[in-house]
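Structure for the following, please:
(one chain, ligands or ions: 1)
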Amino acid sequence: MKWSEISIHTTNEAIEPISHILHEAGASGVVIEDPFELTKEREDQFGEIYQLNPDDYPEEGVIVKAYLPVNSFLGETVEAIKESINNLIIYDIDLGLNQVTISEVNEEEWATAWKKYYNPVKISEKFTIVPTWEIYEPVSSDELIIELDPGMAFGTGTHPTTVMCIQALERTVRPGDRVIDVGTGSGVLSIAAAMLGAEDVRAYDLDEVAVTSAKLNIKLNKVSKTVTISQNNLLDGVPEKSADVIVANILAEVIVRFTDDVARCVKPGGTFIASGIIQQKKDLVKEALVAAGFDIIETILMEDWVAIIAKRI
Ligand SMILES: C[S@@+](CC[C@H](N)C(=O)[O-])C[C@H]1O[C@@H](n2cnc3c(N)ncnc32)[C@H](O)[C@@H]1O
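This is a model prediction of the structure:
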């Protein structure tokens, strides 16, 4: 397996939570480079004094390093790590410089390096995800094919959090439904909803890169008549009771912050599909959903991730 090195220049205070985030993201092990180590005198096992190379250490703060497996969703893993680290500000943790770098390949090469690990993959009963640069012959006539080039946006369609959303959409969306996709990334969930017969799909993302990527993919999959993409913060400004189904593959911390808004925007009897939740945060999200007026219908697990299907009372 190939590994990519991720380094985060941060503070002593953030070592513990960042190490935790890296472990949760599947890092093989975490190394801390703290300049304090340079001031200690060390003896090796033969009694000789040895010195560390100061070039390996930052002048200020610490560097937390870890290795991540190179696979088709490496880009998504790195984006999720960055997002989780940025979220630590909510807990008043000083992140210092908060510089995240990926080594071995530079950022530009890295944006395309994952492509060779990204192949056509059947991710649910109906859907197969096909990268735009691959030639794919459908296996059956009722197979639904989503062609994707996520670029730098999250959403190759193969990440467990996305796969669970697509499987849940497949069981939930009925022809004629109005669907809202919060945090659309590459647009993959909106495309799936449109292909399942939704009449109107609104896709929102805060990130401009995601909006551009989603627009391209919507066009590519010929669902522009059904899907509208806008740059928007969560459900800000969305009219009440405007959706039969709302789907959000976003972090647990973000989901709990906007469950009341989801309850406002979904019709009574409508469905909320929440994903991007790590196992440990499952109960936190369930409690927030129940408090906002939802019944929990189903909890789906895939690897360390959880998706929750909830119905508006
Ligand atoms: C985990 S990705 C999911 C992408 C895609 N929906 C999927 O399932 O593969 C989360 C997306 O949410 C977006 N996002 C994060 N915070 C947001 C916010 N406050 N409002 C809208 N979008 C947000 C990110 O830019 C990112 O594209």
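
May I see the buried residues of stretch 71-85?
If you call a residue buried by 16 or more other CB atoms under 10 Å, then stretch 71-85 has these buried ones: 71-81, 83-85. No exception for glycine: its C-beta is placed from N, CA and C like everyone else's.

before we move on, what about stretch 231-248?
232, 234, 235, 238, 242, 243, 244, 245, 246, 247, 248.

ok so, going back, the buried residues of stretch 71-85 in helices, which ones?
74, 75, 76, 77, 78, 79, 80, 81, 83, 84, 85 (DSSP state H).

Where do the helices of the stretch 151-300 of the chain begin and end?
For the stretch 151-300 of the chain, the helices defined by DSSP state H, counting those that start in this stretch occupy 160-172, 188-195, 208-220, 252-265, 282-291.

any idea which of these is most buried?
Stretch with highest mean neighbour count among these: helix 188-195 (a mean of 29; mean count of other CB atoms under 10 Å).

re earlier: identify the farthest-apart pair in the buried residues of stretch 71-85.
Within the buried residues of stretch 71-85, 72 and 85 form the most distant pair, 22.5 Å apart (CB to CB).

can the buried residues of stretch 231-248 go into JSON lines with extra columns for pLDDT?
Converted to JSON lines, the buried residues of stretch 231-248 look like this (pLDDT from 0 to 100):
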{"residue": "232", "pLDDT": "97"}
{"residue": "234", "pLDDT": "96"}
{"residue": "235", "pLDDT": "98"}
{"residue": "238", "pLDDT": "98"}
{"residue": "242", "pLDDT": "97"}
{"residue": "243", "pLDDT": "98"}
{"residue": "244", "pLDDT": "98"}
{"residue": "245", "pLDDT": "98"}
{"residue": "246", "pLDDT": "98"}
{"residue": "247", "pLDDT": "98"}
{"residue": "248", "pLDDT": "98"}
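
Which one of these is nearest to the ligand?
Nearest to the ligand among these is residue 234, at 4.5 Å by CB to the nearest ligand atom.

Now do the same contact list for that closest one.
182, 204, 206, 254, 257, 258, 261 (CB atoms under 8 Å, 6 or more residues apart in numbering).

Can you say which of those are also within reach of the ligand?
When CB under 6 Å from any ligand atom is applied, the members of the contacts of residue 234 adjacent to the ligand are 182, 204, 206, 254.

doesn't residue 311 make contact with residue 268?
No: between residue 268 and residue 311 there is no contact under CB atoms under 8 Å: 9.3 Å.

When these two are compared, which one has more neighbours?
Using other CB atoms under 10 Å, the more surrounded residue of residue 268 and residue 311 is residue 311, with 18 against 10.

For the more buried one, grab phi and psi.
phi -110, psi 130 (degrees, to the nearest 10).

Please tell me I have it right and it contacts residue 267.
No: here residue 311 does not reach residue 267: they are 10.7 Å apart, not a contact under CB under 8 Å.

Report the mean confidence score over stretch 88-106.
Per-residue pLDDT over stretch 88-106 has a mean of 84.

near the ligand at all, that stretch?
No: using CB under 6 Å from any ligand atom, stretch 88-106 never reaches the ligand; the gap is at least 12.7 Å.

hmm, who's touching that stretch?
Counting by CB under 8 Å, 6+ apart, 4-11, 13-14, 17-18, 60-61, 78, 81-82, 85-86, 110, 113, 253 sit against stretch 88-106.

Next: stretch 217-233.
Against stretch 217-233 from outside (CB under 8 Å, 6+ apart): 132, 146-150, 184, 186-188, 190-191, 193-195, 198-208, 211, 214-215, 238.

Could you measure from the nearest residue to residue 160 once chain neighbours are set aside over to the ligand?
Using CB to CB, 6 or more residues apart in numbering and skipping the chain neighbours, the partner closest in space to residue 160 is residue 302 (4.0 Å). Taking CB to the nearest ligand atom, to the nearest Å as the measure, residue 302 falls 13 Å from the ligand.

Tell me, how many residues neighbour residue 302?
Residue 302, neighbours per other CB under 10 Å, totals 15.

Let me see the contact set for the residue in the stretch 1-150 of the chain positioned nearest to the ligand.
In the stretch 1-150 of the chain, the residue that lies nearest the ligand is residue 80 (6.1 Å; CB to the nearest ligand atom). By CB under 8 Å, 6+ apart, residue 80 lies in contact with 25, 154, 251, 276.

of all the contacts of residue 234, which comes closest to residue 296?
Checking the contacts of residue 234 one by one against residue 296 (CB to CB), the nearest turns out to be residue 258, at 17.2 Å.

Next one: the closest one, what pLDDT does it get?
On the pLDDT scale, residue 258 gets 96.

Was I right to think the residue nearest to residue 160 contacts residue 165?
No: assessed by CB under 8 Å, residue 302 is found out of contact with residue 165, at 10.5 Å.
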